[in-house]
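J.: Return atomic coordinates for the entry below.
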Amino acid sequence: MRRFVLLLAVLTVLAIAPASVSAASERCSIEVSPAAGGPTDVYRVTATNFPVDPAGGSLEVRIDVRRLGTREGSIFFLFLVPGTTDFYLDINQVVPGDPVEPMQEGRYLVIAETAHLAGCHTTDGFVVTA
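T.: This is a model prediction of the structure:
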């Protein structure tokens, strides 16, 4: 009887383990490219595996970009089309006709989170050098 219970416990653990590993790899994430650059470079935030609204609506994503050691930064709100899980945002993109404003030197922290849907909070960063 003990062998049967032990065998059942081992089979249960083996059956659950692959599911938990695949669920962990599906977490939302962002990556900033390039990781270091100049004050006028464009920094692309690539986001993957963001959750889908279970009600089928659009998903609101908040992205904070802050220069460490200061109170400077920007906040972006994105509303994703229902079903969208991957997207990108270009930081410091030049708008035709507007003057170029170089970014200040320093380390920047980028935080992305789903404001109204629990389960997604991720960070990355980049460095601006002269």
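J.: low pLDDT regions in the chain?
T.: 1-25 (pLDDT under 70).
J.: That one: strands as residue ranges?
T.: Under the criterion DSSP state E, strands of the chain are mapped to 29-33, 36-37, 43-48, 59-67, 73-80, 87-91, 106-114, 121-128.
J.: mind giving me TSV with those and columns for mean neighbour count and distance to residue 97?
T.: (Each C-beta comes from the backbone N, C-alpha and C, glycine too.) Listed next are those as TSV, based on neighbours: other CB atoms under 10 Å; distance: least, CB to CB, whole Å:
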stretch	mean neighbour count	distance to residue 97
strand 29-33	18	26
strand 36-37	14	24
strand 43-48	18	21
strand 59-67	19	23
strand 73-80	13	20
strand 87-91	15	17
strand 106-114	18	26
strand 121-128	17	24
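J.: Let's have those in TSV, adding distance to residue 100.
T.: What follows is the strands of the chain, written out as TSV (distance: least, CB to CB, whole Å):
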stretch	distance to residue 100
strand 29-33	20
strand 36-37	14
strand 43-48	15
strand 59-67	17
strand 73-80	16
strand 87-91	14
strand 106-114	18
strand 121-128	14
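J.: For residue 107, which non-adjacent residue is spatially closest?
T.: residue 68 (4.6 Å; CB to CB, 6 or more residues apart in numbering).
J.: The one you found: what's it in contact with?
T.: Going by CB atoms under 8 Å, 6 or more residues apart in numbering, residue 68 touches 106, 107, 108, 109.
J.: was I right about the last one contacting residue 74?
T.: No. At 11.7 Å, residue 109 does not count as touching residue 74 under the criterion of CB atoms under 8 Å.
J.: Pull up the overlap in contacts between these two.
T.: With CB under 8 Å, 6+ apart as the test, residue 109 and residue 74 both reach 64, 65.
J.: mind checking how far residue 63 is from residue 55?
T.: 22 Å (CB to CB, to the nearest Å).
J.: quick one: residue 88 and residue 27, what's the gap?
T.: Residue 88 is 18 Å from residue 27, by CB to CB.
J.: Please apply the same query to residue 81.
T.: From residue 81 to residue 27 the distance is 21 Å (CB to CB).
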